[in-house]
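Trainee: fold the following and give me the result.
(2 chains)
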Amino acid sequence: MVTTMSLTDTYPVWSWNPVTDLRAMWAFPFMVNAFRAGTVVAVLAGVIGWYMVLRRQSFAGHTLAQVSFPGAACATLLGIAPVVGYFAFCVGAALVIAAIPRAGQSGSGQEAALTGTVQAFGLACGFLFVALYKGFLGGINSLLFGSFLGITATQVTVLAAVAAATLAMLAVIARPLLFASVDPDVAAVRGVPVRVLSVAFLVLLGTATAATSQITGTLLVFALLVMPAATAQQLTARPAVGLAVSVLVGLAVTWTGLIAAYYSPYPIGFFVTTFALGVYVFARLARVLAQVLARRAPASARLSGSAV
Amino acid sequence: MARIPEVARHRVPPQATTTGHREGGEGVVSLRRAAVRVGGRTLWSGVDLEVGAGEFTAVLGPNGVGKSTLIKVVLGILPTAAGEVRVLGEAPGRAGHRIGYLPQRRNVDPSLRIRGIDVVRMGLDGDRWGVPLPLPLRFSARRRAARDRIAEVIELVGASAYARRPLGECSGGQQQRLLIAQALVRGPELLLLDEPLDSLDLSHQGGVAALLGRICRAEGVSVVMVAHDVNPILPWLDRVLYLAEGGAAAGPPQQVITTRTLSRLYGAPVEVLRAGDGRLVVVGGGHGTEGGGGHGHHHELD
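Mentor: As a prediction, this is how the structure comes out:
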């Protein structure tokens, strides 16, 4: 946020030679850090986001992302590192949402209302903290909409450590969590601790949104948390392939977003979100097209084969 | 990621059909003078039931009488208020890994993007912690065994043609077959099903009922099934447990589904008619309960 005043006047020129361009970009340590942080966040958000979309907890994810804004604002107000505020508020809000009982399908309306209440209260607190800290207003934009500038090597290390711990935890619970997400009744009978896994996943989701919002800003977390996962679920119904596609889409939109933001005067959040949306629309169209083709070509063969 | 070794107890069952030998003489499910209370109200009491190995048992009765509750008692999810319940020689809830369970009314979200074969696999190893090492198939005997077992059980339920389609895109009958495969994949000795035919149209009801009868006969799996209509499963039934407000009766279907027994259970005159093709029709008789007449082919009184 501080080192960039000289860059705002003259923008680097895209040379159409990828090697030269990358070399020019990576000559700046802040760009190297941005790529490292973006890569870590894309992998983490891709994996956690796939489970979130499968569990239909996008609203909870959105709420956790919003809560990272008061987290960062509060940390700035107290004079501590914003990263502490991000994680403290997101994990805290995850525990609050986890305390809301998930009473099956009938309770989901109430759950959404309570989650929304948490979200509104979080945003209100954030605005209060900003008002209390009068000199802080300049940073609001990057808090809300993301910034890839000024990411320090320490921040990258913290992000990588958090991501590694989160993914390790998720790997331990991966299969029971999948079972509990798709088929909670049978999973419970098989001895899967459905309720505990639900809380554990919300905490992991809290850490993932806290990490992601440091790149995309709190309002655009969905660009990396939802869109790559939703794209993957359009393209494949296989869990392992879906996770891989989700990560790859996240990496692709992060990298292209960083490059586009480097070579233009416009903010990174816009580019990452736009590219992610583009990939999702493309995947959706491709699936519709595939369905139409499949229906037209061997219609008679499929009908006889699929009768029960 | 490190695998947690404690879960090694769930090995892949060697073969589907090696479930024939059981503790000599003891019933698979045994209820003695069992009673259950839910929310301070006694749903049923004095229920006696003995389900033997490889038997097909139907739990029948009007809505709200506690048929699903009986399944939950056998699973150990709900406690009994009185009496004794033994499942596979143990207290309820202790033999979970030897039981296959299909809950009631499982509306699969049409937008759920997960394949049928993945749902079947969850029945096999979905409760294991950690993720498997992505070894190539030829280096892992366990993964080969798992793959073969899943293919075998999908073949058994006749779902091979659509097991790789997203479950949400399958028809109700196809989903039910895949979910039965999930319940069977670990080679259970007891299969508990809660109204598995309820959401299916008539032609699919017959097909799934025949599949369950075949599983029971050929694979030697004891089946306890809550049913709304006895007729689709009547040809395969060994035993019936009829629950009603006035008590319970268990025994062979031709002894339980009679005018005399059902009139006693309902505490009101009820007539059981046998149609030309052997189908049973229960008619609320006498003073004309609820419109005073037949309830069609549905084996039910509300």
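Trainee: for A:Gly61, which non-adjacent residue is closest in space?
Mentor: In this structure, A:Gly61 finds its nearest non-sequential neighbour in A:Met52, 5.0 Å apart by C-beta to C-beta, 6 or more residues apart in numbering or on different chains. The way it works is simple: take the backbone N, C-alpha and C, and place the C-beta from them, glycine included.
Trainee: wait, that neighbour sits on A:Ala229?
Mentor: Yes - shown here, A:Met52 and A:Ala229 form a contact pair, counting by C-beta atoms under 8 Å, at 6.8 Å.
Trainee: reduced to three states, what does the most centrally placed residue in chain B come out as?
Mentor: What sits nearest the mean C-alpha location of chain B, by C-alpha atoms, centre = their mean, is B:Leu193, with 1.8 Å. Classification of B:Leu193 using DSSP: H, G, I helix; E, B strand; the rest coil returns strand.
Trainee: show me the contacts for it.
Mentor: Contacts for B:Leu193 (C-beta atoms under 8 Å, 6 or more residues apart in numbering or on different chains) come out as B:101-102, B:180, B:183, B:212, B:223-226.
Trainee: helices or strands next to the worst-scoring helix or strand of chain B on mean pLDDT in the packing?
Mentor: Using mean pLDDT, DSSP states H and E, strand B:280-284 stands out as the lowest-scoring helix or strand of chain B, at a mean of 82. If you count contacts as 3 or more C-beta pairs under 8 Å, 6 or more residues apart in numbering or on different chains; DSSP states H and E, strand B:280-284 packs onto strand B:270-274.
Trainee: and the strand it packs on with strand B:280-284, angle?
Mentor: Here the directions of strand B:270-274 and strand B:280-284 differ by 160 degrees (axes from the mean of the first three to the mean of the last three C-alpha atoms, to 10 degrees).
Trainee: give me the mean pLDDT for strand B:270-274.
Mentor: For strand B:270-274, mean pLDDT is 85.
Trainee: so what secondary structure elements neighbour it?
Mentor: Based on contacts counted as 3+ C-beta pairs under 8 Å, 6+ apart, the elements that strand B:270-274 packs against are helix B:259-266, strand B:280-284.
Trainee: need these in TSV with mean neighbour count, can you?
Mentor: Listed next are these as TSV, based on neighbours: other C-beta atoms under 10 Å in any protein chain shown:
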stretch	mean neighbour count
helix B:259-266	18
strand B:280-284	19
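Trainee: how about those in JSON lines, adding distance to B:Leu43?
Mentor: Conversion of those to JSON lines gives the following (distance: least, C-beta to C-beta, whole Å):
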{"stretch": "helix B:259-266", "distance to B:Leu43": "14"}
{"stretch": "strand B:280-284", "distance to B:Leu43": "21"}
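Trainee: would you mind listing what in the stretch 201-302 of chain B touches chain A?
Mentor: Within the stretch 201-302 of chain B, the positions lying close to chain A (C-beta under 8 Å from any C-beta of the partner chain) are B:204, B:207-208.
Trainee: among the helices and strands packed on strand B:270-274, which comes closest to B:Gly89?
Mentor: Closest to B:Gly89 of these, according to C-beta to C-beta: helix B:259-266, at 30.0 Å.
Trainee: ok and the closest one relative to strand B:270-274, angle-wise?
Mentor: Relative orientation of helix B:259-266 versus strand B:270-274 (the same axes, to 10 degrees): 140 degrees.
Trainee: sketch out the low-pLDDT regions of the stretch 1-150 of chain B for me.
Mentor: Scanning the stretch 1-150 of chain B for pLDDT under 70 picks out the ranges B:1-26, B:105-107, B:135, B:137.
Trainee: near chain A, which residues of it? Just list them.
Mentor: So the stretch 1-150 of chain B meets chain A at B:1, B:4, B:75, B:77, B:96-97, B:99, B:101-103, B:106, B:112-115, B:118-119, B:122-123, B:125-131 (C-beta under 8 Å from any C-beta).
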